[in-house]
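Chemist: Requesting a structural model of the entry that follows:
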Amino acid sequence: MSQNNDMPGSPESKRHKPNTDVVEVDKTENKKIRKTGKRFLLKHTFKNILGLEVGKNVYSKKEEHFGVQWYFCIEHAPEDFLIVLYCSWPKSIGESTIKEYFEFKFGANTGDTTSKKFIATFRNNNGSDSNGFQMKWSKLESDFVEDGKLKVELNAEVLESTGLFGPRLRNFDETTKEVSDLILVVNGEKFYVSKFYLSSQSDYFRALFLRGYSESSMPEIKLEGIDADDFQHFLVLLYGEKVLDEITVEGILLIADMYNTPVAIRQCEDFLLDVSKKTLKKKFQMAIRYNLEKLKTKILADVKTISDIREIAWEEEVDDLEPSIISTLLKKAISDKQSCSCSHSLHSIV
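Modeler: Now for the predicted structure:
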């Protein structure tokens, strides 16, 4: 097993110091968390984990979600193990913070799982920050390791952020009140908008405003489960401004998909097809999550070899794919094995 004291792009971690910005969450507090829908999942299986020497670390793979990189590591302290979640910002981002809810799940020998839930604030300190917790190494050995493997799953949701985005290209505040007939409230921020224009762009808003629902006569409507910055970017895109970039696109796409906004969805998909430098794996994840058929079709058409398959779907994630996609990838893997003397087993792919 690869053992490292530090990982490229991460701070040195000879001994992770618990961050005071991390707070464990109980069931009661969990219900009070204001959600944004900006969820993501990280999975990793650490092999031969019991062979990890004291003072050494092992890392999961890095994944980009909502414009920043995320990964976690296991550290073997003298009597404990530490699990640490890292956030790594693009070089173009200056001083910024991300408040996040996250839940670590550990696979146990019985097939059950044990989880820990936290809220933490990540601060952009020279490009990265980390938060984590510790547990007795003996508990890891007895409860979580099976056949020398430790399966870890992280469910996370970005709750709020500061400093990630540049100046706003268009205002939807009280200065636009005279040309608006509705106020939409997102996480306490008011957006002054036109019912007619939103209805022309979104099936959701068309139904809400024009089909006799009680909200259609209300001067102010509260929108739940979304982020105010993402909604701002969504509106800017609808009004024709060039707001799409590597950091904003996923948040805009989340809103556009939620409110069934075809023009915005198409623009996001075209950006991912023609402009974006995101990894093939990330594009594939977004194509599946937001039903981007053109993007998904192009990616699958470009997949030819087992190596290509590994690039878009890691072993831990195969069970989460649609049966039709698994079937397509299996056929491509079989074709690749028949066309070359490849020693990879199909079991390791699917």
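Chemist: Asp302 is in contact with Glu311, isn't it?
Modeler: No. Under the criterion of C-beta atoms under 8 Å, Asp302 makes no contact with Glu311, lying 10.0 Å away. C-beta here means a position set from N, CA and C on the backbone, and glycine is covered the same way.
Chemist: Need the residues touching each of the two.
Modeler: Common contact partners of Asp302 and Glu311 (C-beta atoms under 8 Å, 6 or more residues apart in numbering): Leu280.
Chemist: These two: who's more crowded?
Modeler: Taking neighbours as other C-beta atoms under 10 Å, Asp302 and Glu311 compare with Glu311 leading, 15 against 10.
Chemist: other SSEs contacting whatever helix or strand that one lives in?
Modeler: Applying DSSP states H and E as the criterion places Glu311 in helix 306-312. Other helices and strands packing on helix 306-312, by 3 or more C-beta pairs under 8 Å, 6 or more residues apart in numbering; DSSP states H and E, are helix 280-289, helix 323-339.
Chemist: In that helix, which residues are buried?
Modeler: Buried positions in helix 306-312, judged by neighbour count with 16 or more other C-beta atoms under 10 Å: 306, 308-309, 312.
Chemist: Please identify which of those residues is nearest to Val179.
Modeler: Checking these against Val179 with C-beta to C-beta, the nearest one is Ile312 at 45.2 Å.
Chemist: Check the gap between that closest one and Lys282 for me.
Modeler: Ile312 is 9 Å from Lys282, where distance means C-beta to C-beta, to the nearest Å.
Chemist: next one: Glu189
Modeler: Distance of Glu189 to Lys282, given as C-beta to C-beta: 28 Å.
Chemist: Neighbour count: these two, which is higher?
Modeler: The neighbour comparison of Glu189 against Lys282 (other C-beta under 10 Å) goes to Lys282, with 18 against 14.
Chemist: I'd say the more buried one and Glu63 touch.
Modeler: Yes. Counting by C-beta under 8 Å, Lys282 touches Glu63, with 7.3 Å between them.
Chemist: Checking my notes, Phe122 in a strand, right?
Modeler: Yes. Under DSSP: H, G, I helix; E, B strand; the rest coil, Phe122 falls within a strand.
Chemist: Next one: it from Lys304, what distance?
Modeler: 38 Å.
Chemist: more neighbours, the two?
Modeler: Neighbours per residue (other C-beta under 10 Å) separate Phe122 from Lys304, with Phe122 holding more: 26 against 12.
Chemist: Remind me which helix or strand Leu198 belongs to.
Modeler: With DSSP H and E as the test, Leu198 turns up in helix 195-201.
Chemist: what does that helix contact?
Modeler: Counting by C-beta under 8 Å, 6+ apart, 181-182, 205-206, 209-210, 238, 261, 263-264 sit against helix 195-201.
Chemist: Which of the residues you listed fall within strands?
Modeler: Leu182 (DSSP state E).
Chemist: Narrow the contacts of helix 195-201 to just the buried residues.
Modeler: 182, 205-206, 209, 238, 261, 264.
Chemist: mind giving me CSV with these and columns for distance to Ile247?
Modeler: Formatted as CSV, the buried ones among the contacts of helix 195-201 follow (distance: C-beta to C-beta, whole Å):
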residue, distance to Ile247
Leu182, 28
Phe205, 25
Arg206, 29
Phe209, 31
Leu238, 19
Thr261, 20
Ala264, 16
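Chemist: From those residues, pick the one nearest Leu223.
Modeler: Closest to Leu223 out of these is Phe205 (10.2 Å), distances taken as C-beta to C-beta.
Chemist: Let's see the pLDDT reported for the nearest residue to the closest one once chain neighbours are set aside.
Modeler: Residue nearest to Phe205 in three dimensions, not counting chain neighbours: Leu198, with 4.2 Å by C-beta to C-beta, 6 or more residues apart in numbering. Looking at Leu198, its pLDDT is 95.
Chemist: Leu150 too?
Modeler: 90.
Chemist: Likewise for the one 3 residues further on?
Modeler: Per-residue confidence at Glu153 stands at 91 (pLDDT).
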